[in-house]
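*Asks:* Any chance you can model this:
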Amino acid sequence: MSENKEKSIKLEMSEDEFAAYQAFKAEAARKEAQERVEALKINYKEMAERFIAKTIKKLTPLSEKIRQTKAEVLEEAAAIQQLKAQLLEIDGKSMPKSHTFTSADGTKRVTIGVYETDGYDDTVEEGVAIVKEYIESLASDEKSQQLVKMVMSLLQRSANGALKASRVVRLHKLADESGDSRFMEGVKIIEASYRPTVSRTYIKCEKRVVDEQGGVVKDWEAIPLGMTES
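*Replies:* Numbers count the residues shown, from 1 in each chain. Here you go, the predicted model:
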């Protein structure tokens, strides 16, 4: 309603009547805005439901196809690794945890490996106790205090309560450098108690471009295999 018309209405109404009219108009506008919001909410929920249903329908067969393809690739890789172990005359358990296969022309390669989570059996506590016993027996000079801090930091546990294998390697080096048999005994017990668990197997495929002379035009580039990488 125009300003002039409102002024005309106001002239025909009392102040109280005009105020009531303005309040009525404001309440009507509020209800209309609220109805628009509610309609948008319903529309959003309906769109989200349709999106979820369509996406699950699209990705479920894709996930199954990826699972089947991964299983086939790992089975073929295992056969090659078994043959490699026979050629090298070594126990398959002694094979490295990661294997890279590169094409003859050097333009393609596939890497198969496993992700491991650090873990130890109960005897690790005995080794840790021996190492701490050695540390507590050190003199209080500055050099010894630095070693104490370093060793204690290496004995800190990860979020899952296990020692980190990379820190145990550094601990081994410190024990060797110390020349103390008790220190080395404790570290050896810790190392012997190592029982890692395989969390999952990974496959990585890469390509690179070379010219006719074999010079690298474009270095190794990973082939995206995950939804977040594509």
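
*Asks:* quick one: the helices in the protein?
*Replies:* 3-12, 15-88, 124-136, 142-154, 165-178, 181-192 (DSSP state H).

*Asks:* Tell me the helices and strands packed up against the longest one.
*Replies:* Here helix 15-88 touches helix 3-12, strand 99-102, strand 108-117, strand 197-210, going by 3 or more C-beta pairs under 8 Å, 6 or more residues apart in numbering; DSSP states H and E. Bear in mind the C-beta positions are built from the backbone N, C-alpha and C, glycine included.

*Asks:* can you pull the buried residues of the last one?
*Replies:* Buried residues in strand 197-210, defined by neighbour count with 16 or more other C-beta atoms under 10 Å: E206.

*Asks:* just the second one next, same as before
*Replies:* Buried residues in strand 99-102, defined by neighbour count with 16+ other C-beta under 10 Å: none.

*Asks:* Restrict it to CA atoms and write it as PDB.
*Replies:* Presented in PDB, the C-alpha positions along strand 99-102 are these (Å, rounded to 0.1, in the frame of the first residue of the first chain):
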ATOM      1  CA  HIS A  99      56.400 -54.300  -3.800                       C
ATOM      2  CA  THR A 100      56.800 -52.100  -6.900                       C
ATOM      3  CA  PHE A 101      56.400 -53.500 -10.400                       C
ATOM      4  CA  THR A 102      57.700 -51.300 -13.200                       C
END
